[in-house]
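> Sequence and predicted structure are below.
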Amino acid sequence: MLTEALKLLKKINDHSYDAYIVGGFVRDYILGIESNDIDINTNATPKQIREIFEDSCLPSEDYGSVTVIYKGIRFEITTFRKEITYINNRKPVEIEYINNLYEDLIRRDFTINTLCMNKEGKIIDMLDGRKDIDNKIINTVGDASAKLEEDALRILRAVRFATILDFKLSDDVINGIKKTKELLHNLSYYRKKEELDKIFTSPNYKNGIKLLLELGLDKELEIPNLSKVLDSNTSSLIGIWSILDVTSKYPFNKNELELIRDINYAIKLDQLNPINLYKYGLYVNSVAGEIKKEDIKVITETYAKLSIHSKKDIDIDSETIMKILDKAPGKYLKEIYDDIEEAILYGKLVNNKEEICEYIRKKY
Ligand code: ATP
Ligand code: MG
């Protein structure tokens, strides 16, 4: 991937423009972390980049950058820019293209995200990013309060990088966050969730949650249950969101909403009861069990031992039931099925066609 990226830089250079790999990819490269998203910055305008790469450019959503598919890899190529004014502590309303790498770097969020690599693979470190990477520290480019106030998403990005990379926030960043954290209210729940998802899915998520709590961001993010996550055994994203219980504010898809609802319902029940295991399934019961710090091995074994796992496992069909009772189809079939199902799950009836027929003959 790096080889292709360097060839792409060379191609832009051959058209007499500057171009560098910048930001996350270089940071992760130094840390030995595999990264699959490469950002390039250049003094060529988006129009000039489109002229170089022609058909390989994807239609643009963002007018300041061009996405190019080069040798099968996707690159985000952004023109050196200054961001001028910000609305609602998030989106720059105006950008100005510039011809200067340094200026493009100082508008970025953290020093660790300002490193560049040129076409020879040489690292360019204009803002002391390397030192901060080596010391595992997150510093803003320039004054922290000003940087965070300009774009409040940076508050969450700081916590996200600290979590994922296992870095510390500098004192300046900590103080800046304390001063500006109310601005998180101006961000959309969608944006906040994107960052929180990245924090929660990190293997280091517990430290991320501790950091959010220490900084008092749980309150600003309107996730008052955050500390409860640390008291649980769940590391699953859906389990964490179930504990946070904020589906009326944060966006989830239909499937996630259903899972969160079921988990929060199943939590109130006994995870070893065969009916609950059968009804909500292994996944929901396991997550509920993790939240309650129960032994997942026992839940899994109990689930495996259930004599049936779904209606289709019941050793009888509607035709047979109708024949025994000499009746046309009707609502009664579902009632009988529910009854048999429960009797089998509680071990009162063996899941065997003859036994079930006998049970129906006697009872109905
Ligand atoms: P990753 O891709 O691993 O999430 P990244 O650092 O590459 O991390 P991106 O969101 O891909 O993050 O952004 C690319 C670069 O753009 C960053 O490295 C940083 O230099 C700059 N950047 C991104 N978001 C911001 C922001 N909100 N404010 C200032 N600079 C930013
Ligand atoms: Mg990136």
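Alright, I've got the coordinates. Ligands and ions are numbered 1, 2, ... in the order given.

> pLDDT weak spots in the stretch 251-364 of the chain?
Counting by pLDDT under 70, the stretch 251-364 of the chain has no low-confidence residues at all.

> Now do the buried residues in the strand or helix carrying residue 257.
Taking DSSP states H and E as the criterion, residue 257 maps to helix 254-266. Across helix 254-266, burial judged by 16 or more other C-beta atoms under 10 Å covers 256, 259, 260, 262, 263, 264, 266. Backbone N, C-alpha and C define where each C-beta goes, glycine included.

> surely the first one meets residue 239?
Right, the one you point to is residue 256. No - counting by C-beta atoms under 8 Å, residue 256 does not reach residue 239; the two are 11.6 Å apart.

> who's in contact with residue 97?
Listed by C-beta atoms under 8 Å, 6 or more residues apart in numbering, the contact set of residue 97 reads 45, 64, 79, 80, 81.

> Can you give me the distance of it to residue 192?
As for residue 97, its distance to residue 192 is 30 Å (criterion: C-beta to C-beta, to the nearest Å).

> show me where the stretch 101-250 of the chain has helices.
Assigned by DSSP state H, counting those that start in this stretch, the stretch 101-250 of the chain shows helices spanning 101-106, 129-134, 144-150, 153-165, 171-180, 189-200, 205-214, 217-220, 226-230, 237-244.

> could the ones you listed go into a markdown table alongside mean neighbour count?
Output for those, formatted as a markdown table (neighbours: other C-beta atoms under 10 Å):
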| stretch | mean neighbour count |
| --- | --- |
| helix 101-106 | 18 |
| helix 129-134 | 18 |
| helix 144-150 | 20 |
| helix 153-165 | 22 |
| helix 171-180 | 18 |
| helix 189-200 | 18 |
| helix 205-214 | 18 |
| helix 217-220 | 18 |
| helix 226-230 | 17 |
| helix 237-244 | 22 |
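
> ok, how many other residues are close to residue 49?
By the measure other C-beta atoms under 10 Å, the count of residues near residue 49 is 24.

> Wait, it touches residue 66, no?
Yes - using C-beta under 8 Å, residue 49 is in contact with residue 66, at 4.6 Å.

> and for those two, which residues touch both?
By C-beta under 8 Å, 6+ apart, residue 49 and residue 66 have these common neighbours: 57, 77.

> Could you list the low-pLDDT ranges of the stretch 51-200 of the chain?
Residue ranges of the stretch 51-200 of the chain with pLDDT under 70: 61, 84-86.

> Can you tell me which residues in it are near ligand 1?
Within the stretch 51-200 of the chain, the residues that sit near ligand 1 (C-beta under 6 Å from any ligand atom) are 108, 109, 113, 151, 153, 154.

> again, 8 Å this time
Counting by C-beta under 8 Å from any ligand atom, the residues of the stretch 51-200 of the chain lying close to ligand 1 are 76, 78, 83, 105, 107-110, 113-114, 147, 150-151, 153-154, 157, 160-161, 164, 198.

> distance of the nearest residue to residue 285 once chain neighbours are set aside from residue 346?
Spatial nearest neighbour of residue 285, chain neighbours left out: residue 271 (4.9 Å); criterion: C-beta to C-beta, 6 or more residues apart in numbering. As judged by C-beta to C-beta, residue 271 and residue 346 stand 16 Å apart.

> neighbour-wise, which of those two wins?
Each of residue 271 and residue 346 has its neighbours counted (other C-beta under 10 Å); residue 271 has more, 23 against 12.

> can you tell me how far that one sits from ligand 1?
Distance of residue 271 to ligand 1, computed by C-beta to the nearest ligand atom, to the nearest Å: 37 Å.

> contacting residues for that residue?
By C-beta under 8 Å, 6+ apart, the contact list for residue 271 reads 277, 285, 288, 289, 292, 294, 299.

> Helix, strand or coil: sort out residue 272 for me.
Three-state assignment for residue 272 (DSSP: H, G, I helix; E, B strand; the rest coil): coil.

> quick one, what contacts it?
Residue 272 makes contact with 298, 299, 302, according to C-beta under 8 Å, 6+ apart.

> Provide the count of other residues in contact range of residue 33.
12.

> Kindly apply the preceding question to residue 151 instead.
Using other C-beta under 10 Å, residue 151 has 20 other residues around it.

> doesn't residue 88 make contact with it?
No - look at residue 151 against residue 88 with C-beta under 8 Å: they stay out of range, at 9.7 Å.

> hmm, back to that, of the contacts of residue 271, buried ones?
Using 16+ other C-beta under 10 Å as the burial test, these include 277, 285, 288, 289, 294, 299 as buried.
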